[in-house]
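>>> give me coordinates for this.
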Amino acid sequence: MAPYDSDSSEAEEEDFTETNVLLGYASKDPGDDSISRLGGRPDWLDPETPPSAALAKCTICKDLMVLLLQLNAELPDRFPGHERRLYVFACQRKSCRRRNGSIRALRSLRVAPGSKATSTDSEKKPKEETPKPKEEPKPPSNLGETLFGAKTLGSASTANPFATSSSGSTLSSSNPFASTTNPFSAPKLDPESKSPAQLEAATNTDQEIKALPKTFAETLSLDNPQANIPQTPPEPWPPISSQPKPYPISYLSEAEYETLDLTPPPVPQATVKMDIDDSGSSGSGGGKEDKEVFESSMDAAFQRFADRLAQNPEQSIRYEFAGTPLLYSKTDAIGKALGAEGAGVSTTTGGGTKGIPRCPNCAAPRTFEVQLCPQAITELEADDLSLEGMDWGTIIVGVCERDCQQRGIQEGQVGYLEEWAGVQWEEIGSIAPGGGRR
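The predicted model follows:
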């Protein structure tokens, strides 16, 4: 993709600042990569082993949902050997809107042989993992090509954070998974080679574990990588003819780091001042009370959200692993959980994003990774002329900060885990940010 054209002089460029947030723009041209996109049907890391269809069903009506976002989320610097993809699904039933479970997110992962899952490594070497964020205060310049497969705009680098990395092709060509050897299997020992004392000790240990309370014994089993973990049989996917019609495909083939005007736009006077005719009020102080009610109804977080998006209005997604999501509102449940004071989002002392529940698979903190913006709705519903479209303001996706693997999945195999999707619904009467690109 050609760099973004600009006639600005060097002096004018100094009026802008670049953030660590990577913006993804939709296009009908797939560019260098067709994985990262809006709409269409999901492409799984391994078509032969898709996730359970239950993970892509609305928890309210139990209908199969449609794909909103598919993102190539490989981060080789942070998670070497990890093939990652993110999927966001939404229910199309009007009766399910604005209800928990109508929008869900999945993370797909395949760990190359020899690359241990991050969750295991971080537990063994916490001192080595902790300082990493300090060593990488700014994401690499080629993050856009690594993720989206698109060339970054306004940058000399040709790497694109949303593009398929070369490591993925290497993995598929060399087929490191062809070996029938199980890397996790422990070497079998001949029972006859054990001394009587060792056999007696092992027998006593098994009896002690069986005598423990069930919950504690189960905990020991979960912490044992060699334990046989029962897996729920995956629910098969219905034939394509029985699946709901997908949204049209728009590829995230263009990406650039967010640039902001150092001089913020003036706040419209209507949102600050409002003349109230106190003479016509029925009671004393009525005009003042009305003014306070009006001002309190203006959500400062939404104004900040709208102003921020207005500087790059055609952005469909915002990406920054372990970054800070841009809140649509601070008065709804998601805003209150993430925002605390003001419109900012805080992080916990142990990492992760405050307000996002921990990973249920490994108990590690979850962190922000990507969010969908209102422009994505415009792209997804480009062929829909009805007035009954989607009505969310933003969808925030939080993932396991360790990029853990599904239990029972070995190296070289593909696992799927549901991640956290925080939906901030469009406020009634509000106007979604929009417009042309800067």
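
>>> show me where pLDDT drops low in the stretch 1-150 of the chain?
1-14, 117-146, 148-150 (pLDDT under 70).

>>> wait, I meant the stretch 151-300 of the chain
Applying pLDDT under 70 to the stretch 151-300 of the chain flags the ranges 151-231, 264-298.

>>> quick one: E258 from L22, how far?
Noted for E258: a distance of 7 Å to L22, by CB to CB, to the nearest Å. Where you see a C-beta, it was placed from the backbone N, CA and C, and this is true even at glycine.

>>> the stretch 301-438 of the chain: strands as residue ranges?
Using DSSP state E, counting those that start in this stretch, the strands of the stretch 301-438 of the chain run over 315-319, 366-372, 392-400, 414-425.

>>> can you list the ones you listed in CSV and add distance to T49, mean pLDDT and mean neighbour count?
Listed next are those as CSV, based on distance: least, CB to CB, whole Å; pLDDT from 0 to 100; neighbours: other CB atoms under 10 Å:
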stretch, distance to T49, mean pLDDT, mean neighbour count
strand 315-319, 27, 98, 26
strand 366-372, 23, 98, 25
strand 392-400, 20, 98, 25
strand 414-425, 5, 97, 22
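
>>> just the buried residues of stretch 83-94, please?
83-92 (16 or more other CB atoms under 10 Å).

>>> again with stretch 70-81
70-76, 78-79, 81.

>>> stretch 97-108 now?
Buried residues in stretch 97-108, counting neighbours by 16+ other CB under 10 Å, are found at 97, 99, 102-108.

>>> now for R402, how many residues are close by?
For R402, the tally of surrounding residues (other CB atoms under 10 Å) stands at 25.

>>> pretty sure it contacts C362?
Yes: look at R402 against C362 with CB atoms under 8 Å: they come within range, at 6.2 Å.

>>> quick one: contacts for N361?
400, 404, 406-407, 417 (CB atoms under 8 Å, 6 or more residues apart in numbering).

>>> for it, report the pLDDT, please.
With respect to pLDDT, N361 scores 97.

>>> please apply the same query to the one 3 residues further on.
If you check A364, the pLDDT there is 97.

>>> check the gap between it and F16 for me.
Computed as CB to CB, the A364 to F16 distance reads 36 Å.

>>> okay, the two: which has more neighbours?
A364 (20 against 16).

>>> which residue sits closest to that one, ignoring its sequence neighbours?
The spatial neighbour of A364 that comes closest, neighbours along the chain excluded (CB to CB, 6 or more residues apart in numbering), is R402 at 4.5 Å.

>>> any low-confidence regions in the stretch 301-438 of the chain?
Those would be 340-351, 385-387, 428-438, if you go by pLDDT under 70 across the stretch 301-438 of the chain.

>>> what values do phi and psi take at the closest residue to I60 other than its chain neighbours?
Using CB to CB, 6+ apart and skipping the chain neighbours, the partner closest in space to I60 is C96 (4.6 Å). Torsion angles at C96 (phi, psi; degrees, to the nearest 10) stand at phi -100, psi -10.

>>> test my guess that C96 contacts K57.
No: using CB under 8 Å, C96 makes no contact with K57, being 11.1 Å away.

>>> next, count neighbours for the residue nearest to I60.
Neighbours of C96 using other CB under 10 Å come to 19.

>>> I'd like the numbering to begin with 23 instead of 1 from here.
Understood, numbering begins at 23; the last thing we discussed is C118.
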